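Peer 1: missing the sequence, but the structure's below:
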């Protein structure tokens with residue numbers, strides 16, 4: 001029997017965002033046509049554009065919507081998220 005291969009999940013962020021995430025000023029992200037099937041409990045590597053990981057995170061909330069249905073809360077990123085073991 002072949003061992004099950006688990007593909008690591010990661011998200012890349014543009015150059016200015018890792019510091020905002022680490023400082024707790026950014027704690028949500030929007031993805032368009034993302035086929036990673038991210039679910040609550042997934043462990044993610046958060047990476048810079050060059051692919052270098054800057055922190056690991058666990059998904060605690062997922063919401064699928066359309067841009068036309070985004071709420072003020074969605075746009076403001078008011079839901080706290082855990083990055084690297086810290087709630088931001």
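Peer 2: Arrived safely. Remember, it's a predicted structure, so these values are computed and weren't measured experimentally.
Peer 1: Okay, buried residues for stretch 22-41 please.
Peer 2: Of all the residues in stretch 22-41, those buried under the rule 16 or more other C-beta atoms under 10 Å are 22, 26-27, 38. No exception for glycine: its C-beta is placed from N, CA and C like everyone else's.
Peer 1: now stretch 7-22
Peer 2: So for stretch 7-22, counting by 16+ other C-beta under 10 Å, buried means 13, 17-18, 21-22.
Peer 1: For the residues you listed, give me TSV that also has secondary structure.
Peer 2: As requested, the buried residues of stretch 7-22 are arranged in TSV below (DSSP: H, G, I helix; E, B strand; the rest coil):
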residue	secondary structure
13	strand
17	helix
18	helix
21	helix
22	helix
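Peer 1: will you turn the residues you listed into TSV that also has pLDDT and distance to residue 69?
Peer 2: As requested, those are exported to TSV (pLDDT from 0 to 100; distance: C-beta to C-beta, whole Å):
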residue	pLDDT	distance to residue 69
13	93	24
17	92	24
18	95	28
21	91	25
22	94	30
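Peer 1: Just put the residues you listed in a markdown table and tack on distance to residue 33.
Peer 2: As requested, the buried residues of stretch 7-22 are exported to a markdown table (distance: C-beta to C-beta, whole Å):
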| residue | distance to residue 33 |
| --- | --- |
| 13 | 17 |
| 17 | 19 |
| 18 | 23 |
| 21 | 22 |
| 22 | 27 |
